[in-house]
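Participant: sequence first, then the predicted structure:
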Amino acid sequence: MTDDARSGGGEVRTIAFYLPQFHPIPENDRWWGEGFTEWTNVRRARPLFPGHAQPRVPGALGYYDLTVPGVAERQATLARTYGVHGFCYYFYWFNGHRLLERPLEDMLARGTPDFPFCVCWANENWTRRWDGRDDDILLAQSYNLDDSRRLFDAFARLFADPRYIRVDGRPLLLVYKSGLIPETVATTTMWREAAIALGQPEPYLVSCETSGRPDPASIGFDASVEFPPHGHQAYWLNAQVPGLDPGFTGLLTSYRALVVQSLERDASDAKRLRCVVPSWDNSARRGLQGTVFLGSSPELFGYWAEAMVQDTRARLAGDERLLFVNAWNEWAEGCCLEPDERWGLQYLEALRDALAAGTRPGAATTEPWRTRRQPRSQS
């Protein structure tokens, strides 16, 4: 790769979070049963009310295994075709023990696909629950500066790849829950000093807004990134959905409200990167305790994405014009750009069209979406 991974030329670069849990690993075999992958959850999903689109069935890419040669190439080709600049792989590190590393390691070893990437350290305990809570910990995450230095050495190896995404020459590194790190500023300072000692540029550090919205500079980060639906003020719609499973104790809420809240949020108080989510339905993982956002559609997603492209262009410049998507392939959370049997390529087409519309001359104005009529949705 040439400068493609390093610079976006001032235009908005779209980066999609990428889940590597689509191949068996020994740990998941022990914890969940032999042969477990994310598809196990996806296949066993059941509708909770009339019209609930579960189970969700993959489209053109099928029930892939990320260790099979060619799958990564097909994903990259599809992503590139519809305007996704790169993938952000979740990176699992538990004091030197890595999980789900093979897709990333295979990509590094092969040198293909020739597609930009970065990583997000998924620094939570690995638990038997699927919502990040620490009930029944399977693999604990603990913190100390010595371990953080070893972790940075693992990151530095990735930064050396020419495909690694950069911001003004600095490798882009995300942390999923920076608030869990007890010595955050000391850790980020050590990472920057370690990079300089290795003769590398300091990393461009981004904190995911998964638990509050602290000023990134106050915790040693360069920027933060939204992570919807985290931080959303949900409307409880359970009583309005006829035929809902009587055993359901989760939440049905409005995707449209999620979009509206994002449009109305003031993102100028800190260096904040925007993020959009095509849909959300984690009942494949959480069953009767799941959360389902009603009313999502390619049209409404495209409207939201276009507004966030415009907002990004209005507030940020150069390589910092980044827009994230949650996610490329979070099938069991019902938030993926990859085609499925119901929508086909429509979410990818909506993203492509949003990127084109949002970068037309004159598009980068203050709150431009307020002058347009919002599209209809069912909730």
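Facilitator: Ah, there it is.

Participant: only C-alpha atoms for contact and neighbour calcs from this point on.
Facilitator: Noted.

Participant: give me the low-pLDDT residue ranges for the protein?
Facilitator: Segments of the chain classed as low confidence (criterion: pLDDT under 70) are 1-10, 129-135, 361-379.

Participant: what about the spatially closest residue to Trp304 that is not a sequence neighbour, how many residues close to it?
Facilitator: Closest residue in space to Trp304, ignoring its immediate chain neighbours: Val259 at 6.3 Å, by C-alpha to C-alpha, 6 or more residues apart in numbering. Val259 sits with 21 neighbouring residues when counted by other C-alpha atoms under 10 Å.

Participant: Ile196 reaches Pro203, doesn't it?
Facilitator: No. Under the criterion of C-alpha atoms under 8 Å, Ile196 makes no contact with Pro203, lying 9.7 Å away.

Participant: who's more crowded, these two?
Facilitator: Between Ile196 and Pro203, counted using other C-alpha under 10 Å, Pro203 has the larger neighbour count: 25 against 13.

Participant: where's the more buried one relative to Arg285, distance?
Facilitator: As for Pro203, its distance to Arg285 is 34 Å (criterion: C-alpha to C-alpha, to the nearest Å).

Participant: Phe248 now?
Facilitator: Separation of Phe248 from Arg285 (C-alpha to C-alpha): 14 Å.

Participant: centre of the chain versus the longest strand that the chain contains, how much separation?
Facilitator: For the chain, the strand with the greatest residue count under DSSP state E is strand 84-94. How far strand 84-94 lies from its chain's middle: 8 Å, per C-alpha atoms, centre = their mean, to the nearest Å.

Participant: list the buried residues of the helix or strand hosting the residue nearest to Trp304.
Facilitator: Assigned by DSSP states H and E, Val259 belongs to helix 255-264. Neighbour-count burial for helix 255-264 flags 255-259, 262-263 (criterion: 16 or more other C-alpha atoms under 10 Å).

Participant: now swap in stretch 201-217 and tell me
Facilitator: For stretch 201-217, using 16+ other C-alpha under 10 Å, the buried residues are 201-210, 215-217.

Participant: determine which two of the residues you listed are furthest apart.
Facilitator: With C-alpha to C-alpha as the measure, no two of these lie farther apart than Pro201 and Thr210, at 26.9 Å.

Participant: OK, contacts around Ile137?
Facilitator: With contact taken as C-alpha atoms under 8 Å, 6 or more residues apart in numbering, Ile137 is in contact with 125-128.

Participant: quick check: phi and psi on it?
Facilitator: Dihedral angles of Ile137 (phi, psi; degrees, to the nearest 10) stand at phi -70, psi 130.

Participant: does Ala354 count as helix, strand or coil?
Facilitator: In three-state terms, and counting by DSSP: H, G, I helix; E, B strand; the rest coil, Ala354 is helix.

Participant: where do the helices sit along the stretch 51-200 of the chain?
Facilitator: Taking DSSP state H, counting those that start in this stretch to define them, one finds helices in the stretch 51-200 of the chain at 71-81, 102-110, 145-159, 184-197.

Participant: and of those, who's closest to Ala307?
Facilitator: Among these, helix 71-81 comes nearest to Ala307, with 20.5 Å by C-alpha to C-alpha.

Participant: relative to helix 255-264, how tilted is the longest helix along the chain?
Facilitator: Secondary structure of the chain read by DSSP state H shows that its longest helix is helix 298-315. An angle of 10 degrees separates the directions of helix 298-315 and helix 255-264 when computed by axes from the mean of the first three to the mean of the last three C-alpha atoms, to 10 degrees.

Participant: list the residues that contact the nearest residue to Leu288 once chain neighbours are set aside.
Facilitator: Here the nearest residue to Leu288 in space, its sequence neighbours aside, is Phe248; by C-alpha to C-alpha, 6+ apart that works out to 4.5 Å. By C-alpha under 8 Å, 6+ apart, the contact set of Phe248 is 48, 288-289.

Participant: quick one: which of those is nearest Gln21?
Facilitator: Distance to Gln21, by C-alpha to C-alpha, is smallest for Gln289 among the contacts of Phe248, at 21.8 Å.

Participant: the residue nearest to that closest one when sequence neighbours are not counted: neighbouring residues, count only.
Facilitator: In space, and not counting its chain neighbours, Gln289 is closest to Gly250: 4.0 Å by C-alpha to C-alpha, 6+ apart. The burial metric for Gly250, expressed as a neighbour count using other C-alpha under 10 Å, is 16.

Participant: nice, that's everything, thank you.
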